[in-house]
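Asker: sequence and computational prediction follow.
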Amino acid sequence: MSLPISSETAVAQGLPDGHPLLSRRHILRWGLAGGGALLLAACSTDNTETSSGSSTPAGSGGPKRGGTLNIGADADPIGLDPKTTAAFSSYDFLGLMYTGLLRWTADMTIEPDLAVSYDNPDDKTYIFHLRDGVKFHNGQDFTADDVKFTFDRIFDPATTNRLASTFATVKAVTVVDPKTVKFELKQADAAFLSYMATNPDGVIVPKGVSDLDNKPVGTGPFIFDSYNPNQDFTLKANPDYYEEGQPYLDTVVFKFFKDQSSLTSALRSKAIDMTWLKDPKVASQVAKTAPDLVSAPGQTSRTFPVWFGMTQKPLDDVKVRRALSLATDRAACVETVLAGSGKVGAMLPESQVGGYDGTSELPYYQRDVEAAKKLLAEAGHPDGIDLGDYVVVAANDLDVQCAQILQQQWSEAGIKVNLKPTETAPLLDAWAKGSYTALSVALSWSPDPDAIVQRLTSTNTYGEAMGMKDSQLDTMAVDARAELDVSKRAAAYQQIQERIADQAYVLQVYQYPLRWEMWWGYVKGYEALAANIRTFVRTTWLDK
Amino acid sequence: MRRVALVRLAWAVPILLGVSLVAFVLMRALPGDFAQAMAGTAAGVTPEFLDSIRADLGLNQPLWQQYFTWLGHALQGDLGTSFVTKRPVTGELFSRLLVTAELTLIAAVMAMLIGVTTGLVSARLRGRADWIIRGFNGLVVAVPNFVVATLIVLLAGLYLPSLGIFNYTPFATDPLANIGSMLLPALSLGLGVSVTISENTRAAVLEVSSQDYVMVAQAKGLRKRTILRNYLVKNALTPVITVTGLQVAALLGGSILIETIFTIPGMGQFLFDSVTSRDYPVVQGVVLITATVVVLVNVLVDIAYARVDARVSYE
Amino acid sequence: MSESSSARITLTSEQETAAAPAAAPASGPTKRRRRRSGGRGLLILGLVMLTVMTVVTVCGSWIAPYDPTKTSAESLSGPSSAHWLGTDSIGRDVLSRLIIGGRTTLLIALIAVALAVAAGLLLGLLSGYLGGVVDQIVMRALDVVFAFPVFLLAIAVVAALGPTVPNLILTIAIVYTPIMARVVRGPVLSVKRLDHVEAARSIGIREVTIVRRHVLPMVISPVLVETSLTLSHTIFTVTALSFLGLGPPPPDPNWGGMLSEARQFMEIAPLTVIGPAAAIVFATLTFIVLANGLREMLDVAGRS
């Protein structure tokens, strides 16, 4: 088992400081997420071929045009307005219809998209130069006004937009001329570019167009065609798409299969050409039985944490939390639940800046049942302790499986929990309100590590609900977000993760790819992206 | 007779009102709401953001007001807008109802065909055939529909992996492929029902053939097949048809499981998804429509039974 | 009214697709006798199956080769001499889980049906015996419940209460009480007009005594049959709810949950599907056979 695009490759591909490309017209600074290297590169807008190309055919004579790609999806979108929906399930569809000023490459570096380049005269100012001749799906020209309109919508005081807190550091967006737009920030913010590159957070919507929920209008490679809930979602190629020759496909059809076994079966019968599976055990088995299938687990993007309610006894006591961490055999969980297709986890998955690679030793990570019992006794529980309910997402089989193993491991150290698989809505409610003792809800990929670390700060809704009161961690989080040097930033996040593990605010078990993508061999030019959207359908073609 | 029917129909109105109220209260009693379910673990989700979603959907109004607003619109045929798909529930529900109706219909037809055939064979041939069929029936009746469906999926997966059993095709796209994709789900749904029909057919045929008028007909020298057609089928199948009608409610209930397993976009799946995502208008709409169907079927069954009973007592 | 209620009994008892074959109306003493002897055979078979199930369930802890919740790294291994039915996705012994899994399922079904029978008897007796306004109120309230397909109602109630063993018991009791009430009410209505009951009342015997001496005995037979049938339906409901993820919480095994879990891995480990499927069928069959045996022995259809 190997995870093909590891952080090492990403670092290797990053260009070191002082690379010759720096002498181009603009001095550009592109943040590189992945291994903590800094990529300084001139933008090259017409480089449309995908880079590392693990699935690009060798010597098959270039992409063929036409055809329909059928993608198996396990969830319907909830709302198609990229600026108002918060539903993760909508992102796959939005990712093909909309584009932003920047985007992620396959190895999780940032490259220009609707922008051709940007200037960064000081830490708090970004001036984007926009692409010429781009049209929205309704024929409207794309200009700087649309960029301003998009952000005005986000900051409209009459509504509460989820992205308003994401872009909280943005002070002003100004149209310099139709092809130039200036962003001024309140303070230096390393996360800004990550959010701008993320679909749908940073995508641009057309000025003056309403009802995007039902009639999406974007600048992306595919145009909305039709949607039948629970059945299919159809997209047509955008003939005016701005990247030469793309997209190669005529049509993309998402077909909905609510459970993993029907999804697997549909893939086998070729009712769909590609999909992603949640369970690494199933995925590796499916891959083994069908050698024509391309199996691409991608970078780890999801961690499995146990959140602790620290507002009350007994988990307000760091000794009890450390005992839990010591009682946990993380490697055994990776082995049993993921069949080895994952790594020991910390707060950040490997695909993030500063993400934990699963090898270095963090405090209280080595299983030691005796030490755990001793800590419990010191905390005043010599005969063990009953923590009550441990809440997990009932719909996530892997989570429920892992929770059962944890329950058993903890009981060996005298810590009892009562498993309570819960529906997603009430679970999230409990999480937001802090009405839990132990609760597991996994975080899938976030545009920036700051989004994850924020949840443990005392000023955050979730952090406050948990009972976080660590002012030192608060400061560390603020400083890390403001650090523009990527390697220094990565180091800062390593320290943050060490502090979290030392205080055992959260018990992180393992990390693995949320989406284990699979497609038949005749699907070419596709790349799995750790950002968990399918932007590379734009370079996909069928060799049937 | 007509009066009874009218009274029962009149009762349907308060019953349905009661159903809509129960559905409303049950949904609101579920912990968590749509805003939470939709926002998930996305970054930047704050209590204020959740409140703004709730306000947009009118979920911040007092409960009684929400109920009466909904009821007022429902009486005019408007069941509101789905939180998830942002489309009117009425239209969406109608297309779902058609899919479930089709599935139920195919299942009912299959159950009728299997049930009546085996029942007739069982009653006519007696002996070993009777034993085999009744034994088979006795076993099949104990296999819940979701187990039948799971086993079908398993067998298909093991032996015919290229058979696209999850390839639901809308009727408008390709009617034949559509019916083809419905056959296996309909079989899992209808198999249990076929047993009831089979046993009823068998019992009814045996019962009727021992009646005096059939014996008289036989004595008059009428050919056996003619007797069967003229007397047996007409008289014996009346209760069988009634039983089939009764099973419609059972089929509707079973569709939740079958549609979920075979990923068919019908009412059952719609309902289950909507409970999970707390899509209140959809749940209330589906429950109301299903209840209406069940209540109407009940009324029809009552009337049919009254007729059957009248005939029996007259004789 | 009594015609319609008898029709309704059929409707509700056949509401799940796993319904019993409806018995034909009996006619003539010879047939009745023949049916009774057939009934005895069925009854004995049913009792044997019930005994097997009870023994396996009660002695499960001794019979089961492994701790059903003990996980191991050896996941989804096929059948072997160590694990006859193989292991599940987190390395637990499937056979042990099947044996122990019956305990939860049967416990829920038995207690829930006991509650439903008690509540149904009370409601049905009250409603049928008192008649008038009480009857109207009770019956119309039950009509509202009947307008929901049973399974749909169960999903909603479990989702609202949360899937724990006590809540599952409560849900199923709530869902099946109206059916029991209907089953009781029909015979009560006809019994209370019988001559000896009228006579008892005219000579001033207390109503409670009349109910106990004259009405209850007449109601017992249909209730017994219906109880057995309802047990088979509750097995369906419990396992189907668990199948949809609304069953008792892990790590304790239950058949419906095992079946649903195994679906993901069915191509890798088919036996993990077959095992729980067979167990569910066996339990359902037991109660159906019992119900039919009882029905024919007690000749319920002939009497009502």
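Answerer: Sure thing, it's come through.
Asker: lowest confidence element among the helices and strands of chain B?
Answerer: Ranked by mean pLDDT, DSSP states H and E, the weakest helix or strand in chain B is helix B:224-227, scoring a mean of 68.
Asker: now stretch A:292-307, how far from the centre of its chain.
Answerer: 11 Å (CA atoms, centre = their mean, to the nearest Å).
Asker: next: stretch A:116-129.
Answerer: 25 Å.
Asker: and that stretch, how far apart are its ends?
Answerer: Length of stretch A:116-129, first residue to last, CA to CA, to the nearest Å: 6 Å.
Asker: in it, what counts as buried?
Answerer: Judged by neighbour count using 16 or more other CB atoms under 10 Å in any protein chain shown, the buried positions of stretch A:116-129 are A:116, A:117, A:118, A:119, A:124, A:126, A:127, A:128, A:129. To be clear about C-beta, it is placed using only N, CA and C from the backbone, and glycine gets the same treatment.
Asker: kindly report the same for stretch B:123-134.
Answerer: Neighbour-count burial for stretch B:123-134 [16+ other CB under 10 Å]: B:123, B:124, B:130, B:133, B:134.
Asker: OK, contacts around the fourth one?
Answerer: By CB atoms under 8 Å, 6 or more residues apart in numbering or on different chains, the residues touching residue B:133 are B:118, B:121, B:122, B:198.
Asker: go again using 7 Å as the cut-off
Answerer: By CB atoms under 7 Å, 6 or more residues apart in numbering or on different chains, the contact list for residue B:133 reads B:118, B:121, B:122.
Asker: equivalent analysis for the last one, please.
Answerer: Contacts of residue B:134 were listed using CB under 7 Å, 6+ apart, and they are residue B:122.
Asker: helix, strand or coil for it?
Answerer: Taken by DSSP: H, G, I helix; E, B strand; the rest coil, the conformation at residue B:134 corresponds to helix.
Asker: just to revisit the earlier point, and the buried residues of stretch B:123-134, which is closest to residue A:227?
Answerer: Among those, residue B:133 lies closest to residue A:227 (CB to CB), at 47.5 Å.
Asker: burial measure for residue C:212, as a count.
Answerer: 11 (other CB atoms under 10 Å in any protein chain shown).
Asker: what backbone torsions are found at it?
Answerer: For residue C:212, the backbone dihedrals (degrees, to the nearest 10) come out as phi -70, psi -40.
Asker: can you check residue A:359 too?
Answerer: Phi and psi for residue A:359, reported as degrees, to the nearest 10, are phi -110, psi -50.
Asker: and it, how close does it get to residue A:351?
Answerer: Note on residue A:359: its distance to residue A:351, by CB to CB, to the nearest Å, is 16 Å.
Asker: could you do residue A:507 as well?
Answerer: 21 Å.
Asker: need the residues of the stretch 251-400 of chain A near chain B, please.
Answerer: A:257, A:258, A:262, A:265, A:266, A:268, A:269, A:271 (CB under 7 Å from any CB of the partner chain).
Asker: correction: chain A
Answerer: Proximity of chain A to chain B is confined to A:76, A:78-79, A:86-88, A:159-160, A:162-163, A:165-166, A:213-214, A:229-231, A:257-258, A:262, A:265-266, A:268-269, A:271, A:423-426, A:428-429, A:441, A:443, A:446, A:451, A:461 under the rule CB under 7 Å from any CB.
Asker: ChimeraX command for the buried members of those residues?
Answerer: In ChimeraX, a selection of the buried entries from the residues of chain A next to chain B looks like this (16+ other CB under 10 Å):
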select /A:76,78,79,86,87,88,160,162,163,165,166,213,229,230,231,257,258,262,265,266,268,269,271,423,424,425,426,428,429,441,443,446,451,461
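Asker: contacting residues for the residue nearest to the spatial centre of chain A?
Answerer: In chain A, the centroid-proximal residue (CA atoms, centre = their mean) is residue A:445; its distance is 2.1 Å. Applying CB under 7 Å, 6+ apart, we find residue A:445 in contact with A:301, A:349, A:351, A:514, A:530, A:531, A:532.
Asker: what about the closest residue to it other than its chain neighbours, how many residues nearby?
Answerer: Nearest residue to residue A:445 in three dimensions, chain neighbours excluded: residue A:301, at 3.9 Å (CB to CB, 6 or more residues apart in numbering or on different chains). Counted by other CB under 10 Å, the residues lying close to residue A:301 total 26.
Asker: now intersect the residues of the stretch 251-400 of chain A next to chain B with the helices, please.
Answerer: Per DSSP state H, helices hold the following members of those: A:262, A:265, A:266, A:268.
Asker: any idea of the pLDDT on residue C:146?
Answerer: Reported pLDDT at residue C:146 in the predicted model: 76.
Asker: in the stretch 1-150 of chain B, what residue is nearest chain A?
Answerer: Closest to chain A within the stretch 1-150 of chain B is residue B:32: 2.8 Å, counting by CB to the nearest CB.
Asker: that residue: how many residues sit nearby?
Answerer: As a measure of burial, residue B:32 has 18 neighbours, counting by other CB under 10 Å.
Asker: rewinding a little: dump the residues of the stretch 251-400 of chain A next to chain B to CSV, plus pLDDT and distance to residue C:204.
Answerer: Formatted as CSV, those follow (pLDDT from 0 to 100; distance: CB to CB, whole Å):
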residue, pLDDT, distance to residue C:204
A:257, 87, 71
A:258, 80, 66
A:262, 82, 69
A:265, 83, 72
A:266, 86, 74
A:268, 84, 78
A:269, 83, 77
A:271, 87, 76
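Asker: out of the residues you listed, which touch chain C?
Answerer: Counting by CB under 7 Å from any CB, no member of these is near chain C.
Asker: from the residues you listed, pick the one nearest residue C:168.
Answerer: residue A:258 (23.5 Å).
Asker: mind checking how far the closest one is from residue C:142?
Answerer: From residue A:258 to residue C:142 the distance is 34 Å (CB to CB).
Asker: one more: residue A:66?
Answerer: Distance, residue A:66 to residue C:142, by CB to CB: 61 Å.
Asker: residue A:386: what's it in contact with?
Answerer: residue A:416.
Asker: how about the helix or strand where it lies: buried residues?
Answerer: Counting by DSSP states H and E, the element that carries residue A:386 is strand A:385-393. Residues of strand A:385-393 classed as buried by neighbour count (16+ other CB under 10 Å): A:385, A:387, A:389, A:390, A:391, A:392, A:393.
Asker: and what of stretch C:219-228?
Answerer: Neighbour-count burial for stretch C:219-228 [16+ other CB under 10 Å]: C:219, C:221, C:222, C:223, C:224, C:225, C:226, C:227, C:228.
Asker: okay, and the second one sits in which element?
Answerer: Following DSSP H and E, the helix or strand that holds residue C:221 is helix C:216-243.
Asker: same for that helix, what does it pack against?
Answerer: Under the contact definition 3 or more CB pairs under 7 Å, 6 or more residues apart in numbering or on different chains; DSSP states H and E, helix C:216-243 sits against helix C:94-130, helix C:150-161, helix C:165-191, helix C:255-263, helix C:271-298, helix C:300-303.
Asker: near chain C, which residues of chain A are found?
Answerer: Checking chain A against chain C by CB under 7 Å from any CB, the hits are A:260-261, A:279, A:281-282, A:285, A:332, A:335-337, A:339, A:394-395, A:397, A:400-401, A:404-405, A:407-408, A:419-421, A:423.
Asker: buried ones only from these, please, as a ChimeraX command.
Answerer: Buried residues within these, by 16+ other CB under 10 Å, are selected in ChimeraX with:
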select /A:260,261,279,281,282,285,332,335,336,337,339,394,397,400,401,404,405,407,408,419,420,421,423
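Asker: in strands only, show me the residues of chain A next to chain C.
Answerer: By the criterion of DSSP state E, membership of the residues of chain A next to chain C in strands covers A:419, A:420, A:421.
Asker: can you lay out those as TSV showing distance to residue B:10 and pLDDT?
Answerer: Putting these into TSV (distance: CB to CB, whole Å; pLDDT from 0 to 100) gives the following:
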residue	distance to residue B:10	pLDDT
A:419	50	92
A:420	46	91
A:421	45	89
